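In: need coordinates for the below:
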Amino acid sequence: MALIFTILGIGLVLFVHELGHFLAARAAGMRVEVFALGFGPRVWGFKRGDTDYRLALLPLGGYVLVAGENGTGTPQPGELMAASPAWRLLFYSGGILMNLAFAFVLLPILFAVGVPFESPVIGSVQAGSSGWEAGLRSGDRVLEVDGRAVHGFRHVSTAVALSAAGEPVAMSVERDGARLDLTVPTEFDAALGFPRIGVGPVYELAVVPGGPAERAGLRSTDRVLAVSGVPAADTQSAQAAVEAASLAAGPVLLLVERDGAELELSLEPAAPPAPLPAQLGISEQQNRVVQARSALAGELQPGDLVISAGGAPVQRPADLLLAALRAGHLPALTIERAGARLDLPARPDVAPARIGEMLHLGTGPGLRLAVRADGAAHRAGLRDGDAILRVNELAVRDFAALRAAIAERVQSADPASPPPLRLMVLRAGAAEPETLTVQPAPLPVRDLGLGLRIAEETVRSINPVTALRIGVNEAWQTVLEVMLTLKRMIVGDISATNLGGIISIGQVTHGFAAQGLIPLLLFLCIISVNLAVLNVLPIPALDGGHIALLAAETVRGKPVGVRARNAFNLIGFAIVIGLLLFVTTLDLRRLFGS
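Out: Numbers count the residues shown, from 1 in each chain. Coordinates of the predicted model:
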């Protein structure tokens, strides 16, 4: 069903655009010869009056062909060039105006019904990021970004991505019932191709259809509060709780909220639905204090190693969070400072949700490993703090190179029987390295039937005036976002690799269609505005190119010559085809992961 809605949705936007040209042509008295959705050979259609209504083979757009559009000689009544410049301007602008009208009319209706948005609450703040440095916290509700009211997290990420290079964004957030105004610097992410601030949306646990959680009685409308006693109230705690339960033995107890009441469900984990990849069970140690702030600034110093929390070993930030979630606060810590071990008392005043905001744990000098007790590396003799110098005969200098070397040798082999790896290992405190042989194998992870979904809120107003205001504002902001995106790409603040073609549009549309009719219609409004703005650009062969030729005619006092017009359109056709090939190549690379 989602696939059908995807096809119909994209077709609707294209139809609306071409309908605008068709109605404008009829209003101007032009004879319409072809009304087509798609390009290329005619697949199906019918003829009524002078017009051939058709579906063409390639669903990459559409066109309206009016009499005299490609002709020469003296214009005859009913032909394009026989119409006045004002009527021709209306014809060329018809698709643009219709796409804008589609969004500006439909959006207020959608907001009167209710539009689901990703919750505008910050779910995670990456330690050490610009957002972390500026004081953003998990749980902050974003009210405005650069003066624009925020309905969903999409507005936050879009505003940041479209910010000028090196320019901060002004954010207003609600924290503990009070409004707080912050200036947040942005960081350009070369991998993503646009600026970011290191924050993510709120995720919540959700039931996977057909999985153990659903078989245990969990419903899609339930809210999971805890997993085997570990609270799962926010993104980080939910991830930590599920990971811990998936690696532990025995049944898993879920505490859920249903219709305002709490109840417990017991589920029996199952084997993963698909074979897990073979791996070593190692990660990079991230237990060195990079920065401590607020209440922890006096107790922890940069360079301290957090050895354990509440008696449980700490190798990465998730270990510390899990220990805090189980204790309900920051538990007693054992740290190493300048070669000496120190014990720090528990801090009942520091809630688990505040630890990430107060403490930035990272890597220290040298490549040191965290080794899972149930993994292949541990069975081969590797221990926490060891460093790998070589994989087979390949030297590795950092964890990224180590991961790439292991993946190349494991993933290129038969998944059922990956080859053993010879690792040159330098033990913590040892003077000479030794060689160990490790046989990669899947970790014994259990499937709980629990996934993560972005928390949503519905924006709705029963007041038609308010719904109209919200809808019109959303449409206008979409127009500004498209124009700003083009500007940022031209000046290089956003990488052109973020462009997408018909494959990307189809994939995203399918995603919205799977969420329901209202999200799909909202996305179609955004696509419709995108189409309108792009067609305004003075690119030959597009609506904006025709409008540019009409402007030149007005200035010259006579039409542009046929040869010049044909050359102009030919250049435009080459530009459009080149752009189409470029974005399709990007789509295929994203689709196949190369």
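
In: hang on, isn't Glu262 packed against Leu225?
Out: Yes: counting by Cβ atoms under 8 Å, Leu225 is a contact partner of Glu262 at 6.9 Å. From N, CA and C alone the C-beta is placed, and that goes for glycine too.

In: show me whatever sits in contact with both of those two.
Out: Counting by Cβ atoms under 8 Å, 6 or more residues apart in numbering, the shared contacts of Glu262 and Leu225 are Leu255, Val256.

In: these two - which one has more neighbours?
Out: Between Glu262 and Leu225, counted using other Cβ atoms under 10 Å, the more crowded position is Leu225 (15 against 11).

In: who's in contact with the more buried one?
Out: Taking Cβ under 8 Å, 6+ apart, we find Leu225 in contact with Pro231, Ala232, Ala233, Leu255, Val256, Glu257, Glu262.

In: wait, is it part of a strand?
Out: Yes: judged by DSSP: H, G, I helix; E, B strand; the rest coil, Leu225 forms part of a strand.

In: tell me how far it lies from Glu214.
Out: 18 Å (Cβ to Cβ, to the nearest Å).

In: now do Asp146
Out: Asp146 sits 42 Å away from Glu214, going by Cβ to Cβ.

In: before we move on, what about Val34?
Out: Remark: distance between Val34 and Glu214 (Cβ to Cβ) = 52 Å.

In: the two: which has the busier surroundings?
Out: Counted by other Cβ under 10 Å, Val34 and Glu214 do not tie: Val34 has more neighbours, with 19 against 16.

In: which residue is the nearest non-sequential neighbour of that one?
Out: Leu65 (3.9 Å; Cβ to Cβ, 6 or more residues apart in numbering).

In: what lies in contact with the helix or strand that contains the one you found?
Out: Here Leu65 sits within strand 51-66, counting by DSSP states H and E. Residues outside strand 51-66 that contact it (Cβ under 8 Å, 6+ apart): 10-11, 14-15, 17-18, 21-22, 25, 30-47, 79-80, 91, 502, 580.

In: put the alpha carbons of it into PDB.
Out: Listed next in PDB are the C-alpha coordinates belonging to strand 51-66 (Å, rounded to 0.1, in the frame of the first residue of the first chain):
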ATOM      1  CA  THR A  51      -5.500  17.600 -26.800                       C
ATOM      2  CA  ASP A  52      -3.800  14.300 -26.500                       C
ATOM      3  CA  TYR A  53      -3.800  13.300 -22.800                       C
ATOM      4  CA  ARG A  54      -1.000  10.800 -22.200                       C
ATOM      5  CA  LEU A  55       1.200   8.800 -19.800                       C
ATOM      6  CA  ALA A  56       4.700   8.500 -21.000                       C
ATOM      7  CA  LEU A  57       7.400   5.900 -20.300                       C
ATOM      8  CA  LEU A  58       9.800   7.800 -18.200                       C
ATOM      9  CA  PRO A  59       8.200   9.200 -14.900                       C
ATOM     10  CA  LEU A  60      10.700  12.000 -14.600                       C
ATOM     11  CA  GLY A  61       8.300  15.000 -14.900                       C
ATOM     12  CA  GLY A  62       5.800  16.000 -17.500                       C
ATOM     13  CA  TYR A  63       5.000  18.700 -20.000                       C
ATOM     14  CA  VAL A  64       2.200  20.600 -21.800                       C
ATOM     15  CA  LEU A  65       2.800  21.200 -25.500                       C
ATOM     16  CA  VAL A  66       0.900  24.100 -26.900                       C
END
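
In: number of nearby residues for Leu90?
Out: For Leu90, the neighbour count with other Cβ under 10 Å is 19.

In: distance of it relative to Pro75?
Out: Taking Cβ to Cβ as the measure, Leu90 falls 17 Å from Pro75.

In: swap in Arg293?
Out: The gap separating Arg293 from Pro75 is 74 Å, by Cβ to Cβ.

In: does Asn535 sit in a helix, a strand or a coil?
Out: Criterion first, three-state DSSP; result for Asn535: helix.

In: contacting residues around it?
Out: Counted by Cβ under 8 Å, 6+ apart, Asn535 has contacts His17, Gly95, Ile96, Asn99, Leu542, Asp543, Gly544.

In: residues contacting the closest residue to it other than its chain neighbours?
Out: Computed as Cβ to Cβ, 6+ apart, the closest residue to Asn535 that is not its neighbour in sequence is Asp543, at 4.2 Å. Contact analysis of Asp543 by Cβ under 8 Å, 6+ apart lists Tyr92, Ser93, Gly95, Ile96, Asn535, Val536.

In: would you map out the domains in the chain?
Out: Using automatic domain parsing, the domains assigned to the chain come out as 2-92+533-592, 115-202, 203-274+446-453, 286-362.

In: dump those to a markdown table, plus distance to Ala387 and mean pLDDT.
Out: Converted to a markdown table, the domains of the chain look like this (distance: least, Cβ to Cβ, whole Å; pLDDT from 0 to 100):
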| stretch | distance to Ala387 | mean pLDDT |
| --- | --- | --- |
| domain 2-92+533-592 | 35 | 79 |
| domain 115-202 | 23 | 87 |
| domain 203-274+446-453 | 25 | 89 |
| domain 286-362 | 14 | 91 |
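
In: would you turn those domains into CSV with distance to Phe399?
Out: Shown next, in CSV, are those (distance: least, Cβ to Cβ, whole Å):
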stretch, distance to Phe399
domain 2-92+533-592, 26
domain 115-202, 16
domain 203-274+446-453, 20
domain 286-362, 10
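
In: mind checking those domains for the one nearest to Leu421?
Out: Nearest of the domains of the chain to Leu421, taken as Cβ to Cβ: domain 286-362 at 21.2 Å.

In: for that closest one, what is the distance to the chain centroid?
Out: A distance of 31 Å separates the centroid of the chain from that of domain 286-362, by Cα atoms, centre = their mean, to the nearest Å.

In: repeat that for stretch 529-538.
Out: 24 Å.

In: next: stretch 129-136.
Out: 20 Å.

In: pull the CA atoms of that stretch into CSV?
Out: C-alpha atoms of stretch 129-136 as CSV (Å, rounded to 0.1, in the frame of the first residue of the first chain):
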residue,chain,number,x,y,z
SER,A,129,30.4,19.0,20.3
SER,A,130,29.6,22.7,19.8
GLY,A,131,26.1,22.1,21.2
TRP,A,132,27.6,20.5,24.3
GLU,A,133,30.1,23.4,24.7
ALA,A,134,27.2,25.9,24.4
GLY,A,135,25.3,24.3,27.2
LEU,A,136,22.6,22.3,25.4
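
In: who's in contact with it?
Out: Stretch 129-136 is touched from outside by 122, 125-126, 171, 173, 182-187, 196-199, 357, 360, with contacts defined as Cβ under 8 Å, 6+ apart.

In: go again using 10 Å as the cut-off
Out: If you take Cβ atoms under 10 Å, 6 or more residues apart in numbering as the criterion, stretch 129-136 is touched by 122, 124-127, 137, 140, 142, 160, 168-169, 171, 173, 175, 180, 182-187, 195-200, 291, 293-294, 356-357, 360.

In: before we move on, the earlier item: buried ones among the contacts of Leu225?
Out: Pro231, Ala232, Ala233, Leu255, Val256 (16 or more other Cβ atoms under 10 Å).

In: about what we covered before: got the phi and psi for the residue nearest to Asn535?
Out: Per-residue torsions, Asp543: phi -60, psi -40 (degrees, to the nearest 10).
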